[in-house]
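> Could you work out the structure for the sequence below:
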Amino acid sequence: MFLFFAFTAQAQLAITVLPAKLTGQKAIVSLAITNNMADAVNSARAVCFLLDDQGKMVGQSTKWVIGGTKDQPPLKPKTGTTFNFVITIPQPWVTTNLTPKISFSRVVLDSGKVADVVRDIRVTDP
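Here you go, the predicted model:
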């Protein structure tokens with residue numbers, strides 16, 4: 001039974017979310033992405049919500065973090081990459097204590113199969 005859990009824990013797209021860095025009216029949220037699946041990931045679309053210290057959303061951005069266009073290569077198995085969300089807000093920052101929350105809406109594998117974003121994606125904070 002432990003072998004089953006060890007195998008399924010590694011069969012994931014692992015995302016590490018780094019704290020938001022503030023510069024002017026922009027926040028940069030970096031993602032470290034590692035493909036632990038057997039298939040390459042052709043494309044992955046995610047949304048980044050930026051929350052203040054009271055849990056209120058102060059900004060968001062939706063992007064293809066892997067692939068999505070013919071100019072973007074797929075993420076091969078057992079490799080990693082990084083992606084930076086840049087979120088601009090119109091008003092000055094009220095707080096610098098911002099928390100990024102990442103949610104994936106679509107992940108397409110090289111086989112053409114669509115991954116289960118609940119089961120196959122693991123998002124962690126550093």
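
> List the contacts of residue 107.
13, 41, 43, 44, 45, 66, 114, 115, 117, 120, 121 (CB atoms under 8 Å, 6 or more residues apart in numbering). (Each C-beta comes from the backbone N, C-alpha and C, glycine too.)

> Name the nearest of those residues relative to residue 74.
residue 41 (5.9 Å; CB to CB).

> How many neighbouring residues does that closest one have?
Look at residue 41: counted by other CB atoms under 10 Å, it has 24 neighbours.

> quick one: terminal-to-terminal distance for stretch 108-120?
Distance across stretch 108-120, first residue to last, is 11 Å (CA to CA, to the nearest Å).

> May I see the buried residues of that stretch?
108, 109, 110, 115, 117, 120 (16 or more other CB atoms under 10 Å).

> Kindly state the distance between the middle of that stretch and the middle of its chain.
14 Å (CA atoms, centre = their mean, to the nearest Å).

> same check, this time on stretch 14-24
On CA atoms, centre = their mean, the centre of stretch 14-24 falls 10 Å from the chain's centre.

> which stretches of the chain form helices?
Secondary structure of the chain, counting by DSSP state H: helices at 2-10.

> pLDDT below threshold where in this structure?
1-11, 126 (pLDDT under 70).

> hang on, the earlier thing: would you reformat the buried residues of stretch 108-120 as TSV and include distance to residue 99?
Shown next, in TSV, are the buried residues of stretch 108-120 (distance: CB to CB, whole Å):
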residue	distance to residue 99
108	28
109	30
110	33
115	26
117	20
120	24
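
> Out of those, which two sit at the greatest distance?
Among the buried residues of stretch 108-120, 110 and 117 lie farthest apart (CB to CB), at 16.8 Å.
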